[in-house]
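J.: sequence first, then the predicted structure:
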Amino acid sequence: MAEKVEFELVSPERLLISEPVEMVVVPGSEGDFGALPRHAPMITGVRPGVIDIYQDGKVSDRIFIAGGFAEVTETRVTVLAEEALRLADLTADTVAQRLRAAEEAVEEADSEPARNLAQRGLLVARAMKAALEQRTVH
């Protein structure tokens, strides 16, 4: 049996995934990184994007995350996500609604903090749209 790394994905609501995997590819703030068993320890920010989970030499699951943090050790990868949902559960209608709402929030923002929060929501919505478009290409 091939060596595995324990992968945990946690959202504010619940523990979404806790299982041994061959590899996980995470959209890090400095670029995507793959974590395998015996990876060098690190903590990094995670940008909005897709986590790819590998089993049996291929992608077994894809999860969209809205950002967060990742901790990697030699035996474990833990991602604390602001929001997470399976890419397979994303629909064009959901993404379009989210994008429209984010664009409206940017237009209606009446202060710098509100504008920053709205811009962050727009960034996540655009990343979600890109993930959906990428899914339909494959």
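T.: Sure, I can see it. Numbers count the residues shown, from 1 in each chain.

J.: okay, now E30: neighbour count?
T.: 8 (other CB atoms under 10 Å). Where you see a C-beta, it was placed from the backbone N, CA and C, and this is true even at glycine.

J.: which non-adjacent residue is nearest the residue nearest the centre of the chain?
T.: The C-alpha lying nearest the average C-alpha coordinate of the chain belongs to I65 (CA atoms, centre = their mean; 2.4 Å). Residue nearest to I65 in three dimensions, not counting chain neighbours: A81, with 4.2 Å by CB to CB, 6 or more residues apart in numbering.

J.: low-confidence ranges in this protein?
T.: Residue ranges of the chain with pLDDT under 70: 1, 135-138.

J.: again, only using 50
T.: Under the criterion pLDDT under 50, the flagged ranges of the chain are 137-138.

J.: how does it divide up, domain by domain?
T.: 5-87, 91-137 (automatic domain parsing).

J.: tell me the most buried of those?
T.: domain 5-87 (a mean of 17; mean count of other CB atoms under 10 Å).

J.: where along the chain do the helices fall?
T.: Secondary structure of the chain (DSSP state H): helices located at 92-108, 112-137.
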